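*Asks:* Build me a model from this:
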Amino acid sequence: MENLSGYLLFCILTVVGNVSGYPDGQVSSSCISMQPSHGANAQTSTPPYSINVQKTNYSEGDKITVTIQSNSGQTFKGFLLRTTTATKDAPIGTFINTDSSAQAISCNSISGGAASHTSNSVKQKVEVQWLAPQSSEDVQFKVTVVQSRNIFWSNILGPTLKSTRQGGSPNISTTTSSGSLQTQSKPSAADLISRDGCSTTKFCFTSPSGCDPLSDSSCYFMSSAAVDTDGLRIEISGPSTGYMAVGFSDDQKMGSDDIYTCLHDNGRIIIQHAYSTGRSPPTVLTLNSVDNITTSFNNGVIKCSFITRNQISTQQRAFTDMYYIFLAQGPVESGNIRIHSQIPFITASKVNITGFQESSSNSNGRPSAIKAHGALMLISWMTTASIGMLIARYFKEAAKQLVGGKAIWFQAHLSLMVLTVITTAIAFIVAFAEVQGWSYDTGAHPVLGCIVMALALIQPFVAIFRPAPQSKRRPIFYWFHALNALVIKVLAVATIFLGLQLIDSSSNMWLAKVMGGFVGWEALMFILLDTDVICKKKEIYQEPENTMKHEILLLIIYVCGNLAFLIALLVGIGKS
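*Replies:* From the prediction side, this is the model:
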């Protein structure tokens, strides 16, 4: 067992440090969605990268240099660059000459329709050349930049190139129908959606707080206002190439919600009315009493405005105008919406959708139950489990005095590990009770969490039926007990990393970095304590009785550092 801590360090760093994906840049399958298959959500903060284009207009055959670069000195490992137009979110033109860090790849059956990285080496700047096609449409560049496996910004929009051909860029042309899908042939009115009237003539919900969709293309915006005696005018705006949706709910959970969606499909913006049941795809309803529809899709921003006289949440609007508001965006495939690509913005409390007020995205973010789940898991596997394992490994001599017929170290180890299993079980139950099922949109986190819970329950049962100290089977128990603890610890740390990435909305993802600091701190303490054990065995200490003082001092230092990291993460979860 002398090398157990070394295995622990190696396994944890292996799990945490894995940033595999598509290091060779062959990502043609992702060129339409622009979403890496990394099992993580794109960052919602302002991207630290930008696209610079050599010219402001183009003619057929022009070779135009396009540069992807960092705005703040940050590096990146991968990227996916392509073009789009106002009428169709598909590549136009081809990429030809590139520097050694880039390559042209196939996209949407167009050879050279996109450009990507050639390796996952760090970069601050990449240049490629784009060959302009014969077209009268304006062209915009968009890029997804990968900083690390779980940190990336998708669909970063760059400058728009104007076509020099006569006719310019055509407007979106749509039609009207009486079914469940309906659009309008006047996109200009939707382009004028703004925060004018917020808190005075209409309710507004924004993220970031106070943003204006008229001047800020990164603004997620929704407004509502009463019209006549039975109508509700709804405005929706936000950056997305798939859909923007607003949901009216009686709680902060997904399910049993009334939804209106602005869906981008083959150059058209379509309005859908739907009702969600649980976490299954929403059921599309007929629009019925929805009119005055205007829509637009420009520069990667979806906007729509309409008046609805339909019931909301299957209740008569006369009964209540108070709802939680969900504002979400996500991809579209074959004309159908898919699960939202990032956590929806949710109001902190019920709001009056016909009143005059303004609300921003829930400052408390996650529901309290999910925060409690995260806090309990951190306390369990950062503190109680870590200290319990440390005591069992290093303090059998320093704390061998008997209390109640058992050594102090054993009593402490047993108490801490039982507390760990109990808090883990509570956190596990709280999460499932809150979600009311399986979280299909959270990647590997719930899978690893279930494995940790199962192994954590096995551990005490094995300990209860351990052989007597003199038994020949005692070493087998000892090794199984220790190795199972090691596996649980590694998986628990990996699960915590994934969980922190799910709730961390900061631009620099500082929660995961703090957790990384804790892993390093714990590894350092294991190394120091192992060194202390080696010195004791080789009788390097001149006064062996003082070794206990070294061990107790190291334990105190470890606990203080452990609590510092724990408190920082608990504060971060509270603010997430």
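*Asks:* C-alpha from now on. contacts and neighbour counts both.
*Replies:* Noted.
*Asks:* ok, and what's touching stretch 140-157?
*Replies:* Residues from elsewhere that reach stretch 140-157 (Cα atoms under 8 Å, 6 or more residues apart in numbering): 18-21, 34-35, 38-44, 47, 49-51, 75-85, 158-161, 299-300, 501.
*Asks:* Just the buried residues of stretch 562-573, please?
*Replies:* By 16 or more other Cα atoms under 10 Å, the buried positions in stretch 562-573 come out as 562, 565-566, 569-570, 572-573.
*Asks:* can you give me the mean pLDDT across stretch 149-164?
*Replies:* For stretch 149-164, the mean pLDDT works out to 86.
*Asks:* quick one: secondary structure of Gly238?
*Replies:* Here Gly238 is strand, with the state taken from DSSP: H, G, I helix; E, B strand; the rest coil.
*Asks:* Neighbours of it, how many?
*Replies:* For Gly238, the count of nearby residues is 27 (other Cα atoms under 10 Å).
*Asks:* And the one 4 residues further on, by the same measure?
*Replies:* A count of nearby residues for Gly242, using other Cα under 10 Å, gives 26.
*Asks:* same deal with Gly449?
*Replies:* By other Cα under 10 Å, 20 other residues sit near Gly449.
*Asks:* Please identify which helix or strand holds the nearest residue to it once chain neighbours are set aside.
*Replies:* In space, and not counting its chain neighbours, Gly449 is closest to Thr495: 6.2 Å by Cα to Cα, 6 or more residues apart in numbering. If you go by DSSP states H and E, Thr495 is part of helix 474-503.
*Asks:* Kindly provide the whole-number mean pLDDT of that helix.
*Replies:* Mean per-residue pLDDT for helix 474-503: 88.
*Asks:* Kindly report the same for stretch 216-225.
*Replies:* Stretch 216-225 shows a mean pLDDT of 92 in the predicted model.
*Asks:* Put the alpha carbons of it into PDB.
*Replies:* Once non-C-alpha atoms are left out, stretch 216-225 reads as follows in PDB (Å, rounded to 0.1, in the frame of the first residue of the first chain):
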ATOM      1  CA  ASP A 216     -26.700  43.900 -28.600                       C
ATOM      2  CA  SER A 217     -26.700  40.800 -30.800                       C
ATOM      3  CA  SER A 218     -25.800  38.700 -27.700                       C
ATOM      4  CA  CYS A 219     -28.900  39.700 -25.800                       C
ATOM      5  CA  TYR A 220     -31.500  37.100 -24.800                       C
ATOM      6  CA  PHE A 221     -34.800  38.900 -24.600                       C
ATOM      7  CA  MET A 222     -38.400  38.300 -24.100                       C
ATOM      8  CA  SER A 223     -41.300  40.700 -23.500                       C
ATOM      9  CA  SER A 224     -45.000  40.500 -23.100                       C
ATOM     10  CA  ALA A 225     -47.900  43.000 -22.900                       C
END
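*Asks:* List the buried residues of it.
*Replies:* Residues of stretch 216-225 classed as buried: 217-225 (neighbour count, 16+ other Cα under 10 Å).
*Asks:* what's near enough to touch Ile307?
*Replies:* 227, 231-234, 290-293.
*Asks:* quick revisit: write a PyMOL command that selects only the buried members of the contacts of stretch 140-157.
*Replies:* Selection of buried members from the contacts of stretch 140-157 for PyMOL, criterion 16+ other Cα under 10 Å:
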select buried, resi 34+35+38+40+41+42+43+47+49+50+51+75+76+77+78+79+80+81+82+83+84+85+158+159+160+161+299+300+501
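*Asks:* Next step: the contacts of stretch 140-157 restricted to strands.
*Replies:* By the criterion of DSSP state E, membership of the contacts of stretch 140-157 in strands covers 49-51, 78-85, 158-161.
*Asks:* what's the closest of those to Gly242?
*Replies:* Thr84 (13.0 Å; Cα to Cα).
*Asks:* Report pLDDT for that closest one.
*Replies:* pLDDT, Thr84: 87.
*Asks:* same thing with Ala385?
*Replies:* Looking at Ala385, the pLDDT reads 89.
*Asks:* so how far is the helix or strand encompassing it off the chain centroid?
*Replies:* Per DSSP H and E: Ala385 is located in helix 385-394. On the basis of Cα atoms, centre = their mean, to the nearest Å, helix 385-394 sits 33 Å off its chain's mean C-alpha point.
*Asks:* and it with helix 474-503, angle?
*Replies:* Helix 385-394 runs at 150 degrees relative to helix 474-503, counting by axes from the mean of the first three to the mean of the last three Cα atoms, to 10 degrees.
*Asks:* Can you show me the CA trace of helix 385-394 as PDB?
*Replies:* This file holds the C-alpha atoms of helix 385-394, laid out as PDB (Å, rounded to 0.1, in the frame of the first residue of the first chain):
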ATOM      1  CA  ALA A 385     -14.000  10.900   3.000                       C
ATOM      2  CA  SER A 386     -10.600  12.500   2.400                       C
ATOM      3  CA  ILE A 387      -9.900  12.900   6.100                       C
ATOM      4  CA  GLY A 388     -11.200   9.500   6.900                       C
ATOM      5  CA  MET A 389      -9.000   7.800   4.300                       C
ATOM      6  CA  LEU A 390      -6.000   9.900   5.500                       C
ATOM      7  CA  ILE A 391      -6.400   8.800   9.100                       C
ATOM      8  CA  ALA A 392      -6.800   5.100   8.300                       C
ATOM      9  CA  ARG A 393      -3.600   5.200   6.100                       C
ATOM     10  CA  TYR A 394      -1.200   7.300   8.200                       C
END
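*Asks:* I'd guessed the residue nearest to Gly449 sits against His445; true?
*Replies:* Yes - in this structure, Thr495 is within contact of His445 by Cα atoms under 8 Å, at 5.5 Å.
*Asks:* how about low-confidence regions in the stretch 401-550 of the chain?
*Replies:* Counting by pLDDT under 70, the stretch 401-550 of the chain shows low-confidence ranges at 439-441, 505-508, 538-549.
*Asks:* Going along the chain, name the strands of the stretch 301-450 of the chain.
*Replies:* Assigned by DSSP state E, counting those that start in this stretch, the strands in the stretch 301-450 of the chain fall at 301-308, 322-330, 332-333, 336-337, 345-346, 351-352, 358-360, 402-403, 406-407.
*Asks:* for those strands, which one sits closest to Met382?
*Replies:* Judged by Cα to Cα, the one of the strands of the stretch 301-450 of the chain that comes nearest to Met382 is strand 406-407, at 24.2 Å.
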